[in-house]
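Participant: turn this into a structure:
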Amino acid sequence: MSNHWVRFREGQSIRFGMLQGEQVQVCEGDMFIRAVPTKRLVPLADVELLTPVQPTKVIALWNNFHALGEKLNLPVPNEPLYLIKSPNSYLAPGDTIRKPPCDGKVVFEGELGIVIGKTCKQVQEREALDHVFGYTCANDVTVADILNRDPSFAQWVRAKGFDTFCPFGPVVATGLNPAKLMVRTLLNGEVRQDYPISDMRFSVQQLVSLISQDITLYAGDIILCGTSVGVGSMKPGSTIEVEIAGIGRLSNRFE
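Facilitator: Now for the predicted structure:
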């Protein structure tokens, strides 16, 4: 059974709950352990959606899809290649991605996010899914020109770490089989990406297990699975949407 979890602001209070159509069933306790549904339903239109979780870190994969790796003629990695996106970059659904003060091409990357549900340290692959709470939509925004500007040092963190450069949401969906999911990215209503998660080099189980050998993952942390073909630049005034059937649609303006 799939549930769709949200965090939201209602008046001065921040709450969480489960989507029930156009309403939210308010819950108490902790989203990851012993969430207790109440009898209170609030209209979705009356609340402000926040990022569905509050990660201590977002880990973003590079070269994790066969199709894009082959198109760019990249060598096949022996292990997951990743960076960390910092909390200043996190952005709620519906909020605005801000153009940084520097010049350069700003790129969208629609991705699936794996949301960790409990502390995950050096877990085996067979146990990895026990540590996954659910999945979300994400946009790994990048200033492409910065990446290799200095030939002595690839600036991954800076290029992908500007304020507002990590929108994710609008929900965390549980009970899904990630291998059956498709990621669609739309720029101003036009489909630019439409690719299967089954094309990943490293599966969800492998990503969670292998990354947890290096870094302890905590409840609410997110692993962005990487992106595939169709990545492109966006100009100020654009709307970018990342849609995954079974999860929903993340929509943000770029200004």
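Participant: residue 94 contacts residue 249, correct?
Facilitator: No - using Cβ atoms under 8 Å, residue 94 makes no contact with residue 249, being 10.8 Å away. Placement of C-beta: from N, CA and C, glycine included.
Participant: now do the shared contacts for the two.
Facilitator: Common contacts of residue 94 and residue 249 (Cβ atoms under 8 Å, 6 or more residues apart in numbering): residue 170.
Participant: wait, isn't residue 55 in contact with residue 219?
Facilitator: No - Residue 55 is not in contact with residue 219 according to Cβ under 8 Å; the separation is 9.3 Å.
Participant: so which residues of the stretch 51-200 of the chain form helices?
Facilitator: Here the stretch 51-200 of the chain has its helices, by DSSP state H, counting those that start in this stretch, at 66-71, 144-147, 156-160.
Participant: please identify the deepest-packed of the ones you listed.
Facilitator: Among these, ranked by average contacts under mean count of other Cβ atoms under 10 Å, first place goes to helix 156-160 (a mean of 19).
Participant: okay, that one in CSV with CA atoms only?
Facilitator: What follows is helix 156-160, C-alpha atoms only, in CSV (Å, rounded to 0.1, in the frame of the first residue of the first chain):
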residue,chain,number,x,y,z
TRP,A,156,31.0,20.0,-8.2
VAL,A,157,29.8,21.3,-4.8
ARG,A,158,29.9,24.9,-5.9
ALA,A,159,28.2,24.3,-9.3
LYS,A,160,25.4,22.4,-7.6
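Participant: what sits up against that helix?
Facilitator: Contacts of helix 156-160 (Cβ under 8 Å, 6+ apart): 60, 62, 83-86, 89, 140-144, 146-147, 166.
Participant: take those residues and keep only those in strands.
Facilitator: Of the contacts of helix 156-160, the ones assigned to strands by DSSP state E are 60, 62, 83-85, 142-143, 166.
Participant: need the max-distance pair from the residues you listed.
Facilitator: Spatial extent of the ones in strands among the contacts of helix 156-160 (Cβ to Cβ) is set by the pair 84 and 143 at 16.7 Å.
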